[in-house]
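K.L.:
the sequence and its predicted three-dimensional model are supplied below.
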Amino acid sequence: MPLRRWVLLLIPVLSLAQSVAPSTDARLNNLEAAVKSAQSAGDNAWMLTSAALVLMMTGPGLALFYGGLVRRKNVLSTMMHSFILMAVISVLWAIVGYSLAFGEGWPFIGDLRYLFLNGVGSAPNPDYAPTIPHQTYMVYQLMFAIITPALISGAFAERMKFSAMLLFSVLWALIVYFPLAHMVWGKGGFLNAALGGRIPCFDFAGGTVVHISSGVSALVCALYLGKRKGYGSEPMKPHSIVLSVIGACLLWVGWFGFNAGSAVAASSLATSAFIATHFATAAAVLGWMLAEWLRNGKPSVLGAISGAVAGLVAITPASGFVQPFPALLIGFLAGVVCFLMVTIVKSKFGYDDTLDAFGVHGAGGTLGALLTGVFATNAVNDGFKDANGKLLPLGMVDGHAGQVLNQAVGVLISWGLAIVGTLIILKICDVLLGVRATPEAELEGLDISMHGEEGYNLEA
Amino acid sequence: MKKIEAIIQPHKLEDVKEALKSIGIDGMTITEVRGHGRQKGHKEIYRGMEYQVDLLPKVKLEMVVADERANEVIQTVVNSARTGKIGDGKVFVYDVAEAIRIRNDDRGEGAL
């Protein structure tokens, strides 16, 4: 009995359903649009936050970290190296930089389709970031372009002319950074693993593009400019490790935007990158501290914070590809290796890399890029599939040992471009402006000689 | 009149001041200085760069007292500034030719 009653009841309901069928479709469409917009809102919120976090790495993060490590007479000029790039690179990026890096173009450089940010609006770019406005992606990438030349300034701090530093940074962005960013991240780029590159090199957040390129260029700068006056004979102690500790902590926090943001979505991949970043950094602090404690008898604060930066650098290409335990291992190794670089290797070869941009970013970046080929796994990153939708093995731990070779090619290209590009740019700057401050200017300190100010006016 | 100049460990300054106050000495001039005697310095290492820091922070006390109080003051400073370790500092004593109070032109011990 009850069954029949139900059937009877259903008859008018079914006929009603038939008559409203088109409006159900419309409602489904609306629902789909609402879901899409909700995802976009979530992703966009995270990506704008990440962009702001990455800018915070340059100023005040790097400005404080580097500023504390120089002598008192050069604190402002060193902080200015970071700060001014927040302005210079931004303008350059709007005019031509974004287009050269991310315009489809050729394998080695982008084209001019986004000149003056033409065509970069609120509609997403499906190749780079399908769920967020193209402008969000553009401004996020800008923050990477700012910090990279700022990292190099660690090598020429305390002795480079300010005008030459500006010209150098602009040319370096044009000749080294934009092409390399295009090769690794741009659509059709030679090394782009996700978007049809010839040699797929995994670089989640910039181990090659940011750290190898800046670190190796830093070494070239240190060698080209020569040592600071009195290097090795006069004391050149950091004037305030306190500032450097604050800077390093800001870098650690900002780096979550750098690495986890590189998932370009508020996704589980972002979480994985966040976790890998954090654990690698923690292990690197301990690695550096342990090595220093054993070798020098005391665990220094400067060592601990330098270890953190080394770990952050090394995990950058690997985050988004590796599990937490390999991340710990990568970090720990980076801490030990970078410690040996700035103590033993630097003193053996005698170059004056003022703030160890090469020892930390060049060495840590190279180590991280290679180890990414070892530990990358599709258990973390499911973005790479074959034609049948089956997950491809990523690194050596997935049984794809050849990836280490691909990584090595990426490393070699980055080294090569950084060395050749930086040498040419330095030569141009030297001929046009002279790269090195006069001996008097250097002795007086760049704060007064270049900027007409002092960092600390204690009597004022 | 004697001028007593004592170079002491910075962290002993409060003890010395208290001891001097307790014997009725309340005029002194203090300067933060750097220097070393036999103590030499210590080693600092920044990212593998070693620096020998020879000049260590010290405090210099200067006071001028009447001749008959000099020994008592010197002994008070020595006793209160001593830790028994190398680097405790030194005391130098000079003869003073004249003392003048600027406010009212008083001369000699009366100006102290």
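P.N.:
Nice, I can see it.
K.L.:
how about low-confidence regions in chain A?
P.N.:
Within chain A, the segments meeting pLDDT under 70 span A:1-22.
K.L.:
in it, what residue comes closest to chain B?
P.N.:
Closest to chain B within chain A is residue A:343: 3.1 Å, counting by C-beta to the nearest C-beta. All C-beta atoms are positioned from the backbone trio N, CA, C, and that covers glycine.
K.L.:
my reading is that that residue lies in a strand. Confirm?
P.N.:
No - applying DSSP: H, G, I helix; E, B strand; the rest coil, one finds residue A:343 to be helix, outside a strand.
K.L.:
just checking, it touches residue B:46?
P.N.:
No - judged on C-beta atoms under 8 Å, residue A:343 makes no contact with residue B:46 at a distance of 10.3 Å.
K.L.:
next secondary structure after the worst-scoring helix or strand of chain B on mean pLDDT?
P.N.:
When the helices and strands of chain B are scored by mean pLDDT, DSSP states H and E, strand B:49-53 comes last with a mean of 85. Downstream of strand B:49-53, the next assigned helix or strand under DSSP states H and E is strand B:56-65.
K.L.:
from the contact counts, what lies against the next helix or strand after that next one?
P.N.:
Downstream of strand B:56-65, the first helix or strand assigned by DSSP H and E is helix B:70-81. Packing contacts for helix B:70-81, counted by 3 or more C-beta pairs under 8 Å, 6 or more residues apart in numbering or on different chains; DSSP states H and E, involve strand B:2-8, helix B:13-22, strand B:56-65, strand B:89-95.
K.L.:
for helix B:70-81, buried residues please.
P.N.:
B:70, B:73-74, B:76-78, B:80-81 (16 or more other C-beta atoms under 10 Å in any protein chain shown).
K.L.:
wait, which of those residues is closest to residue A:272?
P.N.:
residue B:81 (61.1 Å; C-beta to C-beta).
K.L.:
distance of the closest one from chain A?
P.N.:
Distance, residue B:81 to chain A, using C-beta to the nearest C-beta, to the nearest Å: 29 Å.
K.L.:
contacts only, for the residue in chain B positioned nearest to chain A.
P.N.:
Of chain B, the residue with the smallest distance to chain A, taken as C-beta to the nearest C-beta, is residue B:48 at 3.1 Å. Counting by C-beta atoms under 8 Å, 6 or more residues apart in numbering or on different chains, residue B:48 touches A:342-344, A:346-347.
K.L.:
can you flag the buried ones in the residues you listed?
P.N.:
Buried, going by 16+ other C-beta under 10 Å: A:342-343, A:346, out of these.
K.L.:
reformat those residues as a markdown table; add distance to residue A:151.
P.N.:
Shown next, in a markdown table, are the buried ones among the contacts of residue B:48 (distance: C-beta to C-beta, whole Å):
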| residue | distance to residue A:151 |
| --- | --- |
| A:342 | 15 |
| A:343 | 20 |
| A:346 | 17 |
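K.L.:
returning to what we had before: what's the most buried one of the helices and strands packed on helix B:70-81?
P.N.:
Mean neighbours per residue, mean count of other C-beta atoms under 10 Å in any protein chain shown, is largest over the helices and strands packed on helix B:70-81 for strand B:2-8, with a mean of 20.
K.L.:
contacting residues around that one?
P.N.:
Under C-beta under 8 Å, 6+ apart, the answer for strand B:2-8 is B:16, B:33, B:35, B:58-67, B:70, B:73-74, B:77, B:81, B:88-96.
K.L.:
again, but for stretch A:188-200
P.N.:
Against stretch A:188-200 from outside (C-beta under 8 Å, 6+ apart): A:104-108, A:127, A:182-187, A:201-203, A:208, A:383-384, A:406, A:409-410, A:413.
K.L.:
can we see that at 6 Å?
P.N.:
With contacts defined as C-beta atoms under 6 Å, 6 or more residues apart in numbering or on different chains, stretch A:188-200 is touched by A:104, A:107-108, A:182-184, A:187, A:201-202, A:406, A:409-410.
K.L.:
same check on stretch A:87-98?
P.N.:
Residues contacting stretch A:87-98 (C-beta under 6 Å, 6+ apart): A:114, A:117, A:138, A:142, A:145-146, A:173, A:178.
K.L.:
buried set for that stretch?
P.N.:
Those would be A:88-90, A:92-94, A:96-98, for stretch A:87-98 by 16+ other C-beta under 10 Å.
K.L.:
do the same with stretch A:208-227
P.N.:
For stretch A:208-227, by 16+ other C-beta under 10 Å, it's A:208-225.
K.L.:
stretch A:164-183 too?
P.N.:
A:164-183.
K.L.:
now do the end-to-end distance for that stretch.
P.N.:
27 Å (C-alpha to C-alpha, to the nearest Å).
K.L.:
show me which residues of chain B are close to chain A?
P.N.:
B:45-48, B:51 (C-beta under 6 Å from any C-beta of the partner chain).
K.L.:
among those, which one has the lowest pLDDT?
P.N.:
Note: of the residues of chain B next to chain A, the lowest pLDDT belongs to residue B:48, at 83.
K.L.:
ok, now how distant is that one from residue A:189?
P.N.:
Separation of residue B:48 from residue A:189 (C-beta to C-beta, to the nearest Å): 38 Å.
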